[in-house]
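**Student:** quick check, what structure comes out for this input:
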Amino acid sequence: MKTMARTFIKCFPLPWEEKIMAWLRNSRDQIKLLRAYFHDWHIYRTQSGLFREHAAGVLEAKIIRSYHRLEKGLALPQPRPGFGQDAVYTTLQGVEKYIERFGPNHTTARALHTLREFIDFNRTNGMDMAWLEQRLTSLAVHHPVEITEGGTRQVSREAIMAAAQKDLSAFFSSRFSVRQFSNEAVSDELIRHAVAMAQKSPSVCNRESGRVFVATTAARKAALLELQNGNRGFGDSADRILVITSHMDSFLTVGERYQCWIDGGLFAMSLIYAFHSLGVGSCCLNWSVEPPTDQAFKKISGIPVDHAIIMLLAIGHLPPNLLVAQSPRRPLSEVLRFI
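**Tutor:** Residues are numbered from 1 along each chain as shown. You can find the predicted model right below:
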C-alpha cells in the first residue's frame, strides 16, 4: 500500500510531490499525538488517585497531604490556635480507615505524632483538646512504639549553615555525563546510600512519589537499553542501569495530572548529584517515547503500569582518566531575568 501511494505521488511535479509528502507526515504526526494524549489521559484516569480512593497508596497519599498541612501550620511564625480543623478530621478519618483496611505503618505513625504536637500546641494556648486526645488514645494502641517523626523540629541557623554553607561551584561544574566507566562494580550499599540521600528531594505535600528500579544482569540491561534511543556505544559498559519512576497513586486531583514529571524530575536530579558526591559517574538516558515503547519497556522490566517512567540512568565507577563532552552552557543573561 505504501509503495502504491509513493508511486502515485511521484506522478505529480516535484514541488507538489514535496507538499503532499509534508502533508502526509504532518497528518501522521497529528494522529500519533492524539493517540499519545489519549494514552496519557487513560493512564492518569485509571492509575492515579483521582478515582481510586480505596487503594492503599492513594489513601496513604491523602493522609500525608492532610497531616502535612498541620506540619506547615505549626511551622509558621505565629500559628493561629485551632487552625486546620478540616485537616485534623481528614487525617483522623484517613488513619482510622487505613489501619482498619491495611494495618498501621510509618505513615499512620507519623500522622499521629503530628496530631499529638497539634494537641500540645493548642493546649498551651488554652484550648480544650479532650475530644482529639480521646481519638488518639484509641488509635495509639496500634503503635506501641513511640514514633518521633512527623510534626515540626527545632533547628538553628548555626547548625544549618555549618552543614550547608559551602561554595558548590566546583561540585556542580565537575559533574559531566559520563560515557566511559571502569570495570569496578557499584555495590548495592552505595546505591542504597545515594537513593536515601535523594529521598530528601522536595515533593508535593511531601508525598514522595519517586521510585528506583535497578537492572543488574547483563541480559536485563541489554533488553532495556534496546528500547532506549541514545545509549549506543557506551550503555553496555555501565555497571548498572537504573529506571527512575514516579508512582502515580500519589497524585489525587485533575490539577496534579503533570505533577509526576515535576516530582520525578526533582528526585532524579537529586539522585544524580548524590551519585556524583559519592564518586559514581552517571549518564541520563532520555525516556521521551511513544506509548507502545513505554508499554513494551514496562512489560520487559516488570515495572507496574501505575508508574510513570521519568528517565533511565546509566551508572558506573570512573576510570582514572576519561573524555567527556564539554557541553557548554548558555550565557547567564539568557537564563536569568529579574522581574
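**Student:** now do the contacts for A61.
**Tutor:** Contacts for A61 were tallied using C-beta atoms under 8 Å, 6 or more residues apart in numbering; they are G49, R207, D249, S250, F251, L252. The C-beta positions use only the backbone N, C-alpha and C, and glycine is treated the same way.
**Student:** between the residues you listed, which is nearest I160?
**Tutor:** Ranked by distance to I160 (C-beta to C-beta), these are led by R207 at 24.2 Å.
**Student:** once you drop chain neighbours, what's closest to the closest one?
**Tutor:** S250 (4.3 Å; C-beta to C-beta, 6 or more residues apart in numbering).
**Student:** for that neighbour, give its distance to H307.
**Tutor:** Distance, S250 to H307, by C-beta to C-beta, to the nearest Å: 11 Å.
**Student:** pick out whichever of those two has more residues nearby.
**Tutor:** Neighbour count, other C-beta atoms under 10 Å: between S250 and H307, S250 has more, with 27 against 23.
**Student:** the more buried one and A75: what is the separation?
**Tutor:** 22 Å.
**Student:** likewise for Q228?
**Tutor:** 42 Å.
**Student:** kindly report the same for G150.
**Tutor:** Taking C-beta to C-beta, one finds G150 at 12 Å from A75.
**Student:** go on, T91?
**Tutor:** In terms of C-beta to C-beta, T91 sits 16 Å off from A75.
**Student:** and these two? which has more neighbours close in?
**Tutor:** Each of T91 and A75 has its neighbours counted (other C-beta under 10 Å); T91 has more, 26 against 11.
**Student:** what pLDDT does the model give that one?
**Tutor:** T91 carries a pLDDT value of 96.
**Student:** tell me how many other residues surround L190.
**Tutor:** Using other C-beta under 10 Å: L190 sits among 18 other residues.
**Student:** so it touches V280, yeah?
**Tutor:** Yes - L190 lies in contact with V280 (C-beta atoms under 8 Å); the separation is 6.8 Å.
**Student:** got the contact list for stretch 253-263?
**Tutor:** Residues from elsewhere that reach stretch 253-263 (C-beta under 8 Å, 6+ apart): 44, 48, 50, 201, 203-204, 207, 209-210, 246, 248, 250-251, 308, 310.
**Student:** and that stretch, how far out from the chain's middle?
**Tutor:** Mean C-alpha position of stretch 253-263 versus that of the full chain (C-alpha atoms, centre = their mean, to the nearest Å) differs by 10 Å.
**Student:** assumed A223 was part of a helix.
**Tutor:** Yes - judged by DSSP: H, G, I helix; E, B strand; the rest coil, A223 forms part of a helix.
**Student:** which residue sits closest to it, ignoring its sequence neighbours?
**Tutor:** Nearest to A223 is I300, by C-beta to C-beta, 6+ apart, at 5.2 Å.
**Student:** also L318?
**Tutor:** G281 (4.8 Å).
**Student:** thinking again about what came up before, strands - which of the contacts of A61 land there?
**Tutor:** For those, membership in strands holds for none, with DSSP state E as the criterion.
**Student:** other SSEs contacting whatever helix or strand T91 lives in?
**Tutor:** Element membership of T91 [criterion: DSSP states H and E] is helix 85-102. Here helix 85-102 touches helix 56-74, helix 106-124, helix 130-140, going by 3 or more C-beta pairs under 8 Å, 6 or more residues apart in numbering; DSSP states H and E.
**Student:** can you rerun that using 6 Å?
**Tutor:** helix 56-74, helix 106-124 (3 or more C-beta pairs under 6 Å, 6 or more residues apart in numbering; DSSP states H and E).
**Student:** distance from the chain centre to it, please.
**Tutor:** 25 Å.
**Student:** how about stretch 259-268?
**Tutor:** 4 Å.
**Student:** what comes up buried for it?
**Tutor:** Q259, C260, D263, G264, G265, L266, F267, A268 (16 or more other C-beta atoms under 10 Å).
**Student:** send me that stretch as CSV with only the CA atoms.
**Tutor:** Provided in CSV are the C-alpha atoms of stretch 259-268 (Å, rounded to 0.1, in the frame of the first residue of the first chain):
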residue,chain,number,x,y,z
GLN,A,259,2.9,16.5,38.9
CYS,A,260,4.6,13.1,38.4
TRP,A,261,7.0,14.7,35.9
ILE,A,262,7.9,17.5,38.3
ASP,A,263,8.3,15.4,41.4
GLY,A,264,10.1,12.7,39.5
GLY,A,265,12.4,15.1,37.8
LEU,A,266,13.4,16.7,41.2
PHE,A,267,14.0,13.2,42.6
ALA,A,268,16.1,12.2,39.6
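**Student:** good, wrapping up.
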